[in-house]
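> Build the 3D model from these lines:
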Amino acid sequence: MSTVVETQSQLRVVTVGHVDHGKSTLIGRLLNDTGNLPEGKVEELRAISERRGVAFEWSFVLDALQSERDQAITIDTTRIWLRTPQREVVLIDAPGHKEFLRNMVTGASDADAALLVVDARDGVSEQTRRHALLLELIGVEQVVVAVNKMDSVGFDEARFEEIRRELGPILERIGIAPRAFVPISARGGDMVAERGTNLPWYTGPTVFTAMLALDRRSRATDGSLRIAVQGVVRHDLQRIFVGRVISGTLSVGDEIMVSPARRTAHVRSIETWPHAPKAEARTGESVGFTLDGPLYVDRGDVVSSVGEAPTLSKIFRARLLWLGQRLLHVGDRFRLQIGTRQANVEVDSFDRIIDIESLNRNDADAVQTHDVAEVVLRSSELLALDRVARHAELGRFILLDGLDIVAGGTVLDVLTNPKAQNTKNLVAVALLDNDSRAWSNGHRGAVIWLTGLPAAGKSTIAVAVERRLFEQGHHAYVLDGDNLRQGLNSDLGFSPEDRHENIRRAGEVAALFADAGIIAIASFISPHRADRELARRAAGKDFHEIYVKADTALCEARDPKGHYRKARAGEIPDFTGINNDYEPPLDPRLTLDTGTLSVDECVAAVLDYIDDHVAIRETIDPEELEIA
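Numbers count the residues shown, from 1 in each chain. Sure, this is the predicted structure:
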């Protein structure tokens, strides 16, 4: 069941609309007519306008930038506090000019409601429709429509009704509730805060009273814990993970899961500064926390309760507003910023491009600047994703092209690979149970995963261990990185994406070997903890990580394949140990320091470990087996 999480007690209202429809004028008038301007402010502005040789406008109240007065357009968002006896209202004046839609999205991102201004002369323009779609995109669901400049159409009731009949269904169609349609003259003050005398046929609320009746924005979540990790602070010997509790509650002793690695640990402490540690942190609090184990956590990870984790996927459906100056095509690549994580994404397909005029599907094969589209995005790495309907803050993202923000969007749905067969039609085959295989083989299957720098000694140790196990009558097989790249992984290069896929495939194959009762000795550099975690998840309890330890200087001195020499010469880019980082295991089952141990000593240590943790024939009663 969902839980309603309320925002702050103040009401935040963003004003949007086409340029020159009178948003800033309306806000200036509201401030004046509700007594929220400093005494003498209007007289001061009138004097300034006279000195500059321009007619006084109520919009000058909001002019924070000199260029706005010169250009007569608003180019940034301005926040104004409107204090009333009933409640505090934050008015957000968002730009309406087409070139400044990016700032409009920023200004409206935390709004509770919207004040949509429409010019009575122009009626419902393309920009009006676009702004309505943007409000829906960022989650604003209630709006007061102010039909401005009624004085320019002679306060004509028929013209007001015409606009209301056209715009009302548009708003309702995209899920926005029009709380009131109000005919106004912002310049003259009619129906802004006072009723005036020029609209006797209108019996509804003024803009001011309609706005005070708006509800605070409610964000529905499922109440589950979410923390987007912002960074790691090292204090003495502690690693303190820092982030904001987006939803739920974090308590000392809780078992949490860190995604996308899917590792678990318990919360040891919750740190706050400059205050003493606390036992619990609630939604909205920014805290640091420590864990009871050496779990690798990094910026961009998502912390959740174990049973309520976000979905892991590389592909998702999204609705986005395209702000780039060029056309958007399938296959275009960008940098995704979602929560505190960044990842490379590619436009996989268009579900639909929304025609701004009709709000129907546009059959174009590209998205134009300022259009709204529903697309499928594919990431180069596994992401922890929440639909915007489940967790609003973690369901919103931006796309970057270099340093430029080119789109804002929301996660509509998290997908599995659409090119794969529909898994609901697959039926798992009943296989021989693991105990039967273990009794027959004399040992359980296992994945002995050797990781370390190039030339640390992984392959040498792996081959020697396999031979010794074979001589002992055990079933073992070496999976070596170079060997797999000549067959199963021959289609992969050495880009970050292909390296990730190389380890993912190797982990799945090793897990199959282990399930078949074979001791798979996997020898892979596997420099990233997150990729090794995928292999761990594939094999589960049968995964045994062994760190073959050797520093770069020692490995480079050995250099049996000549790779370090080539890397130094620039012939091998992104070579681990030279110009690509290696992340050592935080909690390996066994560490083999090949700088101090001989090959025979390392092999003996691995065999002892396997004897202690894998060879278990005597613990199985053959009478209880399926094959008995």
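> Helix or strand: which one has G473?
Here G473 sits in a region with no helix or strand, counting by DSSP states H and E.
> nearest spatial neighbour of it, skipping sequence neighbours?
Among residues not flanking G473 along the chain, G442 sits closest, at 6.7 Å (CB to CB, 6 or more residues apart in numbering). For every residue, glycine as well, the C-beta is placed using N, CA and C.
> what about the one you found, neighbour count?
By other CB atoms under 10 Å, 16 other residues sit near G442.
> Give me the number of neighbouring residues for the closest residue to F513 other than its chain neighbours.
Distance criterion CB to CB, 6+ apart; nearest residue to F513, sequence neighbours excluded, is A520 at 3.7 Å. Neighbourhood size, A520 [other CB under 10 Å]: 27.
> So what does A520 have for phi and psi?
Dihedral pair for A520: phi -90, psi 120, per degrees, to the nearest 10.
> Then V147?
The phi/psi pair for V147 (degrees, to the nearest 10) is phi -90, psi 100.
> and it, what are its bridge partners?
Beta bridges link V147 to V118, P183 when assigned by DSSP bridges.
> List the residues that contact it.
Neighbour list for V147: V118, A120, F160, I163, R164, F181, V182, P183, I184 [criterion: CB atoms under 8 Å, 6 or more residues apart in numbering].
> wait, isn't the residue nearest to G473 in contact with G517?
No: contact between G442 and G517 fails when scored by CB atoms under 8 Å: they sit 9.5 Å apart.
> re the thing from before, and the contacts of V147, which two are the farthest apart?
Largest separation among these by CB to CB: R164 and I184, giving 13.1 Å.
> Of those two, give the one with the bigger neighbour count.
Counted by other CB under 10 Å, R164 and I184 do not tie: I184 has more neighbours, with 28 against 17.
> ok, that one - contacts?
By CB under 8 Å, 6+ apart, the neighbours of I184 are L26, A146, V147, N148, M150, D190, M191, V192, T206, V207.
> ok, the second one - how many residues close by?
What it means is A146. 28.
> Repeat that for the fourth one.
Number of residues near N148 (other CB under 10 Å) recorded here: 27.
> Give me the nearest residue to it, chain neighbours excluded.
Distances taken as CB to CB, 6+ apart place G22 nearest to N148, at 4.3 Å, with adjacent residues excluded.
> Wasn't V287 part of a strand?
Yes: per DSSP: H, G, I helix; E, B strand; the rest coil, V287 lies within a strand segment.
> Tell me the one of the contacts of I184 nearest R378?
Of all those, A146 has the smallest distance to R378: 42.2 Å, by CB to CB.
> Hmm, the closest one is touching V118, no?
Yes: applying CB under 8 Å as the test, A146 and V118 come out as touching, 7.2 Å apart.
> which stretches of the stretch 151-300 of the chain form strands?
Applying DSSP state E, counting those that start in this stretch to the stretch 151-300 of the chain gives strands spanning 177-183, 218-221, 226-235, 238-247, 250-251, 255-259, 263-271, 280-281, 286-291.
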